[in-house]
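*Asks:* from the sequence below, what's the structure:
(one chain, ligands or ions: 2)
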Amino acid sequence: MQGTPVNIIVGSHVWVEDSEVAWIDGEVEKINGQEVVIQATIGKTVTAKLSKIYPKDVEAPAGGVDDMTKLSYLHEPGVLQNLKIRYELNEIYTYTGNILIAINPFQRLPHIYDAHMMQQYKGAPFGELSPHVFAVADVAYRAMINEGKSNSILVSGESGAGKTETTKMLMRYLAYLGGRAVTEGRTVEQQVLESNPVLEAFGNAKTVRNNNSSRFGKFVEIQFDKQGRISGAAIRTYLLERSRVCQISDPERNYHCFYLLCAAPQEEIEKYKLGHPKTFHYLNQSKCFELVGISDAHDYLATRRAMDIVGISEKEQEAIFRVVAAILHIGNIDFTKGKEVDSSVPKDDKAKFHLKTAAELLMCDLKALEDALCKRVMVTPEEVIKRSLDPQSAVTSRDGLAKTVYSRLFDWLVNKINNSIGQDPNSRSLIGVLDIYGFESFKTNSFEQFCINFTNEKLQQHFNQHVFKMEQEEYTKEAIDWSYIEFVDNQDVLDLIEKKPGGIVALLDEACMFPKSTHETFANKLYQTFKTHKRFIKPKLSRTDFAVAHYAGEVLYQSDLFLDKNKDYVIPEHQDLLGASKCPFVVGLFPPLPEESSKSSKFSSIGSRFKLQLQQLMETLNSTEPHYIRCVKPNNLLKPAIFENVNIMQQLRCGGVLEAIRISCAGYPTRKPFFEFINRFGLLSPAALEGNYDEKVACKKILDSIGLKGYQIGKTKVFLRAGQMAELDARRSEV
Ligand code: ATP
Ligand code: MG
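*Replies:* Residues are numbered from 1 along each chain as shown. Ligands and ions are numbered 1, 2, ... in the order given. Okay, the predicted model is just below:
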């Protein structure tokens with residue numbers, strides 16, 4: 001990041017890399033050519049290459065600085081140290097220029113989000129008060145009012161980092177600024193806020209990483225009228241995790257709504273023939289049923305109230321939970337071999353009971369439901385025949401039905417909320433808030449991770465372009481020459497993924513359309529096509545895995561399920577079954593397909609549709625002024641006051657924070673207003689400060705007296721190249 005330190009001498013305070021805690025500090029004891037021996041403060045002696053150590057700012061304020069750009073030495077260890085000091089003081093927010101870094105406190109900090117705080121931030125100049133999400137929302141709102149331009153706030157970070165909580169704070173603050181003081185029944189802003197608990201009930205679940213993990217991406221667009229009042233809103237969601245509906249592993253849970261419903265008042269339990277979650281296959285694959293500190297019974301009622309507010313009628317709510325209950329019963333329909341070869345029938349009386357209950361709740365024909373699960377219609381040129389499925393295929397069919405119904409239900413909710421809140425066609429401008437999954441790299445990575453990382457590449461590109469632009473603007477403002485700053489682009493990764501034709505998404509679609517493809521043929525096609533692509537790697541020991549060198553690191557993908565997961569396909573038998581339900585709500589989830597696209601003729605893929613959605617999102621974002629919030633998860637135990645250095649460093653890297661700093665370092669990372677510069681370095685050239693001196697001239701004299709090259713003097717600040725501040729400090733300590 002910062003060039004080789006040239007001013008390291010015996011006695012210098014430095015940072016040196018450490019495999020366990022990322023960076024440790026110490027004092028230089030000996031220098032032998034390129035090798036440095038350091039006496040670390042933690043008590044050990046380390047030897048390191050001169051090029052691998054960084055100067056430590058011994059004069060850094062004890063409480064840290066609220067903006068990284070105020071650090072005298074802008075480098076990785078300095079950034080990490082600053083965050084750590086602040087986190088220990090419960091200062092969870094820190095700026096890096098315009099980026100807000102938010103470190104999850106994993107505890108409710110007193111007062112930091114209360115009404116008084118909102119009042120304080122309202123209209124306060126950015127940077128005047130401590131860094132805060134409210135400050136970011138306030139800047140976005142004021143920019144929108146003053147310039148009439150749309151703004152967006154992009155919140156990112158890994159699972160459990162605090163994106164959704166941050167998003168809710170932002171929305172609450174925007175509702176505070178743009179709300180109607182009067183409380184005439186349901187206001188738009190109330191509806192906007194209450195959409196959160198509804199979507200969380202149906203789209204969030206406990207995972208290993210987060211007890212309330214959003215299993216979908218979300219972009220909330222809040223529309224404002226000429227007076228700056230909220231006049232409408234639209235929610236767009238991305239890629240709900242479908243597999244969770246029928247498959248979970250210990251200690252995770254299925255979507256919250258299933259447990260909420262099982263904790264509903266007795267009357268509902270009887271009506272839907274429910275019982276303890278442990279009696280349902282879709283829930284009892286994991287032994288986790290309850291969450292510490294959370295009452296499902298309470299949350300059930302809270303969800304119903306939130307549904308009232310967003311405009312979901314009593315009748316619709318009844319239908320929604322009826323469908324949720326039906327899914328639980330569907331999951332309990334087990335099969336066994338039937339009389340004919342390769343056929344299946346409900347396994348026992350219990351299975352028959354759940355089959356019957358599911359049919360009743362979905363208001364469809366019992367026999368038709370059984371057939372839709374156990375049989376497939378084959379159309380041959382001669383005749384239409386019903387072919388039986390073996391028990392295993394029937395289970396796959398059953399799970400497919402559950403997943404389809406659930407994802408349709410989720411889409412229905414989003415649609416309903418949008419219609420009910422309403423869009424303002426005359427809206428002057430909007431503020432968009434993006435809460436979307438961060439970069440993922442697990443032991444096994446499948447199609448979902450691929451899509452998520454694709455999203456992050458897109459956002460990273462947007463981010464880099466923006467950060468670069470902001471830097472340029474600062475230089476232009478100060479009339480500084482910046483022409484030689486190089487800009488790293490990740491366009492090559494994006495081409496690899498989304499190029500048409502020939503990118504991975506396109507090749508996957510091709511494979512899905514060709515009946516004989518398998519994941520082996522798909523992987524082979526990738527190997528051939530991208531043999532020489534710099535960002536594509538074929539692992540030596542696998543014949544079906546492939547790796548992509550993402551901006552945030554290499555990720556190894558297992559191609560096994562890519563084809564299946566990419567197919568956006570509702571089994572026609574399922575469509576026909578539910579399309580014929582006597583319940584208008586259920587029919588509404590399965591509107592008749594347009595003629596030509598029915599049956600197998602038209603292929604649609606999740607990958608391509610997602611790519612299109614992303615494209616639309618980027619278009620929206622490009623028409624707004626962006627603001628970035630990078631959420632950081634300080635530890636994997638989800639506990640307060642534990643700051644894991646290496647883990648956090650990795651997140652700063654993935655979130656582009658280090659990249660932003662790198663871009664900044666490629667230019668003039670250190671800026672000091674003239675008077676500050678003179679205060680600190682005036683003693684280097686007392687002659688420059690004689691008499692009635694001009695600050696700008698004096699700064700130049702000081703710099704020249706040292707013989708520094710490459711710095712620039714702006715209109716109000718001195719701009720120093722990376723490492724020059726350290727050089728100045730070194731000189732100062734010699735005086
Ligand atoms: P995912 O990607 O899994 O949805 P996320 O980034 O949205 O994760 P959140 O659900 O927002 O993460 O946060 C996880 C948990 O961390 C919250 O449930 C809450 O307990 C805690 N948390 C997050 N932010 C804050 C905060 N500002 N103050 C207090 N607690 C917080
Ligand atoms: Mg979330």
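*Asks:* buried residues in stretch 527-538?
*Replies:* 530, 535-538 (16 or more other Cβ atoms under 10 Å). Quick note: C-beta positions are derived from backbone N, CA and C, even for glycine.
*Asks:* make JSON lines out of the residues you listed and add pLDDT.
*Replies:* JSON lines is the format used below for the buried residues of stretch 527-538 (pLDDT from 0 to 100):
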{"residue": "F530", "pLDDT": "97"}
{"residue": "R535", "pLDDT": "96"}
{"residue": "F536", "pLDDT": "97"}
{"residue": "I537", "pLDDT": "97"}
{"residue": "K538", "pLDDT": "96"}
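*Asks:* where does pLDDT dip in this protein?
*Replies:* For the chain, applying pLDDT under 70 flags the ranges 1-6, 181-185, 483-488, 595-603.
*Asks:* give me the nearest residue to the residue nearest to the spatial centre of it, chain neighbours excluded.
*Replies:* Against the mean C-alpha coordinate of the chain, by Cα atoms, centre = their mean, the closest residue is Y437 at 2.6 Å. Counting by Cβ to Cβ, 6 or more residues apart in numbering, Y437 lies nearest to I452, which is 4.9 Å off, once chain neighbours are set aside.
*Asks:* tell me the secondary structure at the one you found.
*Replies:* helix (DSSP: H, G, I helix; E, B strand; the rest coil).
*Asks:* show me what contacts it?
*Replies:* Going by Cβ atoms under 8 Å, 6 or more residues apart in numbering, I452 touches 239, 437-440.
*Asks:* which among those residues count as buried?
*Replies:* Restricting the contacts of I452 to buried positions leaves 239, 437-440, with burial counted as 16+ other Cβ under 10 Å.
*Asks:* which residues touch the helix or strand hosting M378?
*Replies:* Using DSSP states H and E, M378 maps to strand 375-379. Strand 375-379 is contacted from outside by 384-389, 571-573, 599, using Cβ under 8 Å, 6+ apart.
*Asks:* K163 and L154 touch, don't they?
*Replies:* No - assessed by Cβ atoms under 8 Å, K163 is found out of contact with L154, at 9.9 Å.
*Asks:* now do the same contact list for the residue of the stretch 301-450 of the chain found nearest ligand 1.
*Replies:* Nearest to ligand 1 in the stretch 301-450 of the chain, going by Cβ to the nearest ligand atom, is Y437, at a distance of 5.5 Å. Going by Cβ under 8 Å, 6+ apart, Y437 touches 159, 214, 217, 452, 455.
*Asks:* measure the fourth one to F610 for me?
*Replies:* Right, I452. Counting by Cβ to Cβ, to the nearest Å, the gap from I452 to F610 is 10 Å.
*Asks:* what touches both of the two?
*Replies:* Counting by Cβ under 8 Å, 6+ apart, the contacts common to I452 and F610 are L239.
*Asks:* residue in the stretch 601-735 of the chain with the shortest distance to ligand 1?
*Replies:* C631 (5.6 Å).
*Asks:* just flag the most distant two among the buried residues of stretch 527-538.
*Replies:* The widest separation within the buried residues of stretch 527-538, taken as Cβ to Cβ, falls between R535 and K538 and amounts to 12.2 Å.
*Asks:* OK, now which residue of the stretch 1-150 of the chain is nearest to ligand 2?
*Replies:* Among the residues of the stretch 1-150 of the chain, N104 lies closest to ligand 2, at 11.3 Å counting by Cβ to the ion.
*Asks:* list the contacts for the closest residue to that residue other than its chain neighbours?
*Replies:* Excluding its sequence neighbours, the residue lying closest to N104 (Cβ to Cβ, 6+ apart) is G162, at 4.1 Å. Contacts for G162 were tallied using Cβ under 8 Å, 6+ apart; they are 102, 104, 631, 633.
*Asks:* same deal with K500?
*Replies:* Counting by Cβ under 8 Å, 6+ apart, K500 has contacts A506.
*Asks:* what strand or helix carries it?
*Replies:* Using DSSP H and E, K500 falls outside every helix and strand.
*Asks:* quick one on the thing from earlier: from the buried residues of stretch 527-538, which is closest to E194?
*Replies:* The closest of the buried residues of stretch 527-538 to E194 turns out to be R535 (Cβ to Cβ; 43.2 Å).
*Asks:* so who does the closest one touch?
*Replies:* Going by Cβ under 8 Å, 6+ apart, R535 touches 492-493, 496, 548-550.
*Asks:* mind listing which of those are in helices?
*Replies:* Among the contacts of R535, the residues falling in helices (DSSP state H) are 492-493, 496.
*Asks:* buried subset of those, written for PyMOL?
*Replies:* Of the ones in helices among the contacts of R535, the buried ones go into a single PyMOL selection, burial set by 16+ other Cβ under 10 Å:
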select buried, resi 493+496
